[in-house]
Each structure stands twice: as C-alpha cells, then as structure tokens.
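Student: turn this into a model:
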Amino acid sequence: MDFNLSDEQQMLRDGARRFVREQYDFEARRGLSRSEVGHSSTHWKTFAELGWLALGIPEDAGGLGCSFNETAILLEEFGRGLVLEPFVSTAVLCVRILDRCENADVRLQVLAEVTSGEAKLALAHDEPASRFEPGRAATSARAHGDGFVLNGTKMLVVDGPSADRYIVSATVDDDPAPSLFLVPNDVPGLTLGAYPLIDGGRAADLRFADVACPAAARLAGPQRATDILEEAFDAATVARIAEAIGAMEAAMAVTNEYIKTRVQFGQPIGKFQALQHRMAEMFIEVEKSRSSLFRALAHLDAETVTRKAAVSAAKVVVAAAGKFVGGQGIQLHGGMGMTEECSVGHYFKKLMAFDKLYGDSDWHLLRYAACNQ
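Tutor: This next block holds a predicted model:
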C-alpha cells in the first residue's frame, strides 16, 4: 500500500483543510450545532459543487468512482473541523447500500440526487433489541396489494431529522432476515421524534404505523440485505475512524498550543517533563490509530471474514485511543477543558460518540474473536 498521497489526493486534502479553516471555525460550528437543523444547507450545496458527495459514487451513476482512500482523506479533515453535515450517513452508508441494491432504477435516480446535493439519506435499522446486528429486525413489512405496509419502531436514526428519505430494514412475511425499503420522510403513518446527540449531531426515533410503500420501494430482499448492510456498516465505520483520527489530531494540536502559552510557576507548563510525556503518549495513540486505519482501508474490499476482522480491530484500537487522547486533552487544559467555550471538550464528545456508532468496542471485540476462531 502506497502511503504517499497522489497530486489529486493532496489537492483534495488541501481543499478540505481550506474549507474547514475558512468556513468552519469553532464559533461558526457552535452556532450551527445550536440551530434547528443542526448543520448548514449552504455547506451541503458546497460539498456537491466541489464533488465531495460524488467521491464514492460509481461513474455509471454520475459519480467520480474514487477509491475509499479519498473518502478517508476528506473525513479526516472533517474530523478536524467537527463538521456536522450528514456526509457519512448519506454519502457513505446509504450510498454503499444503494449502489449494491437490486433495484437498478432507484439506484441510478437516488445516487444522481445525492451527487447533485438534492438528497439527504439516513439508515433506519437500529431497534431496542437489535444490539448492532445487521441481520436482526423486528419491524415488519406485510405484503398488501401491489406493495407493502410497514409497522414498527426504529431508534437512533443518525441524521434522521434532516433526511429526505430513509432506508428501512424490515422483515417480510415469515422470513427472519430483513429486506430493505426506501421510504420518503413525508409518507402518511410515519412519525419522527428528533433529539440532539452528545457530539452536536442529530438523531431521531421513527415509528411506522401502517406505512404504505410500493413494490418499487424494495431495494433488496432477505437473500442479500444482510450482506449489504454488513458491508455498508464496515465502510461507514472506516469513514468514522478517519474522522476520529482527524478529531484526535486537532485535540492534540489545541492542547499542545495551550500548554505552550499557559504559564505557571514562572514558565509555560509545556516545559514540565511530566506533561511532555503525556503529549508523547497522545502522539503514539494517534499514530497507532492511523496504522489501524491503513490496515482497514487495505482490507475493505477483501473477503468477508478478513474485512470484518480488520475493521473491528481498527474500531477497537481507535475507540480506546480516542478516550485517552480526548481525556488527556481535557485534563491538561484543567477546569476550562470542561467548559462549552473550550474546543477540546467538543473533540472529546465527538470521540465518545464515535465508540457507539455501528457497533461499540465490546461488540467489535466479539466479532473480531469470531473471525479468528
């Protein structure tokens, strides 16, 4: 694997870094997090104009057909800026599902809308008893006439409040494996309860009460849906890992700058050897995380067992590193690190939320162990 960036990849990184620096400073981000929507529609249009939403979309669907390395590069910069727009939910998780679905017409139409910035999508899969399992769903889809009727409840639909459409997992008739359906946000019988997340993002609980959808809304049947979900969750996990590494590096930079300027006992506290050791340990954790990311990227398109093991190992390593780096950043800032006005606390919240997305550390440890039996 070549760890050096190509000229195009360097341009992508520079452009994303410039966007964060000029459009996404900490105070602007705080303002967006307190807004009703929780992000900027103007920024979303900018993502489309810059081609960022098309990175992972194949060329036959109007996208750029880039490798996942480009997505990871972009997400790392988004992590530095604590970007709130629903990029991973729409342009990674749901795009991967749509690209592999069995409904060719819907695939082309919706992917084109994502590329242009017209569509925002969210996956509605998690339920109170699902415990991160892709193949488990209690929501039901009963065949009715020329379509289906959905009933059930979905919880923690990340970026659900701003989504135009939802990809919903539901069992059809007596088949225990779920199928996937594309459901608009304004369909009769669908109710939404929105709430903020600890990291400033938004999520929602959805309730389906006799929600009717046509047969064409079915994206994948039970024979393929679970495999599609597993692969999409792994891709989204790798994207979030890259985002977490960017957040860790930014937290480390903020902390390093602070200990250089905070004077105590007549000198900057950064001169104290004990604090230098802590910064060195933070650096080691970030570099270890980056190595795990490279391994996961290298195996993202490998056979199923190899992919699962690599992604789960990276998730566990980076989640532990995030807790350490974020926690040390707050501690080295002292009491002010806990305040709303200090950015290091927001990075810590981002890293805490990361651990619970697409399977927590305990779940991934168990999956890793199962892959190596």
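Student: quick one: the strands in this protein, in order.
Tutor: Using DSSP state E, the strands of the chain run over residues 121-124, 140-144, 147-158, 165-172, 178-184, 190-196, 202-214, 218-220, 263-264, 267-268.
Student: highest average neighbour count across these?
Tutor: strand 121-124 (a mean of 27; mean count of other C-beta atoms under 10 Å). Backbone N, C-alpha and C define where each C-beta goes, glycine included.
Student: what strands line up against that one, and which way round?
Tutor: strand 165-172 (parallel) (DSSP bridges).
Student: as JSON lines, the strands of the chain with mean pLDDT and distance to residue 303 would be great.
Tutor: Below are the strands of the chain laid out as JSON lines (pLDDT from 0 to 100; distance: least, C-beta to C-beta, whole Å):
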{"stretch": "strand 121-124", "mean pLDDT": "97", "distance to residue 303": "24"}
{"stretch": "strand 140-144", "mean pLDDT": "91", "distance to residue 303": "31"}
{"stretch": "strand 147-158", "mean pLDDT": "95", "distance to residue 303": "28"}
{"stretch": "strand 165-172", "mean pLDDT": "96", "distance to residue 303": "24"}
{"stretch": "strand 178-184", "mean pLDDT": "96", "distance to residue 303": "23"}
{"stretch": "strand 190-196", "mean pLDDT": "95", "distance to residue 303": "38"}
{"stretch": "strand 202-214", "mean pLDDT": "96", "distance to residue 303": "33"}
{"stretch": "strand 218-220", "mean pLDDT": "95", "distance to residue 303": "20"}
{"stretch": "strand 263-264", "mean pLDDT": "80", "distance to residue 303": "55"}
{"stretch": "strand 267-268", "mean pLDDT": "85", "distance to residue 303": "52"}
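Student: among these, which is nearest residue 103?
Tutor: strand 218-220 (5.3 Å; C-beta to C-beta).
Student: residues in contact with the residue lying closest to residue 361 once chain neighbours are set aside?
Tutor: Once flanking residues are discounted, residue 361 sits nearest to residue 319: 4.7 Å by C-beta to C-beta, 6 or more residues apart in numbering. Counting by C-beta atoms under 8 Å, 6 or more residues apart in numbering, residue 319 makes contact with 244, 351, 354, 355, 360, 361.
Student: what's the answer for residue 159, then?
Tutor: Taking C-beta under 8 Å, 6+ apart as the test, what residue 159 contacts is 86, 89, 90, 120, 122, 201, 202, 203.
Student: quick check: phi and psi at it.
Tutor: phi 70, psi 20 (degrees, to the nearest 10).
Student: quick check: most distant residue from the centroid of this structure.
Tutor: Relative to the C-alpha centroid of the chain, counting by C-alpha atoms, centre = their mean, residue 266 is the outermost residue, at 44.2 Å.
Student: what about it, distance to residue 108?
Tutor: Residue 266 is 67 Å from residue 108, where distance means C-beta to C-beta, to the nearest Å.
Student: how many residues are close by residue 332?
Tutor: Here the count is done by other C-beta atoms under 10 Å, and residue 332 has 22 residues near it.
Student: wait, isn't it in contact with residue 277?
Tutor: No: the pair residue 332 / residue 277 is not scored as a contact, 11.4 Å apart, by C-beta atoms under 8 Å.
Student: out of the helices and strands in the protein, which is least certain?
Tutor: Least confident element among the helices and strands of the chain, by mean pLDDT, DSSP states H and E: strand 263-264 (a mean of 80).
Student: what about stretch 28-44, start to end distance?
Tutor: Its first and final residues considered, stretch 28-44 spans 15 Å by C-alpha to C-alpha, to the nearest Å.
Student: next, the buried residues of that stretch.
Tutor: For stretch 28-44, the neighbour count (16 or more other C-beta atoms under 10 Å) marks 29, 32, 33, 38, 39, 40, 43, 44 as buried.
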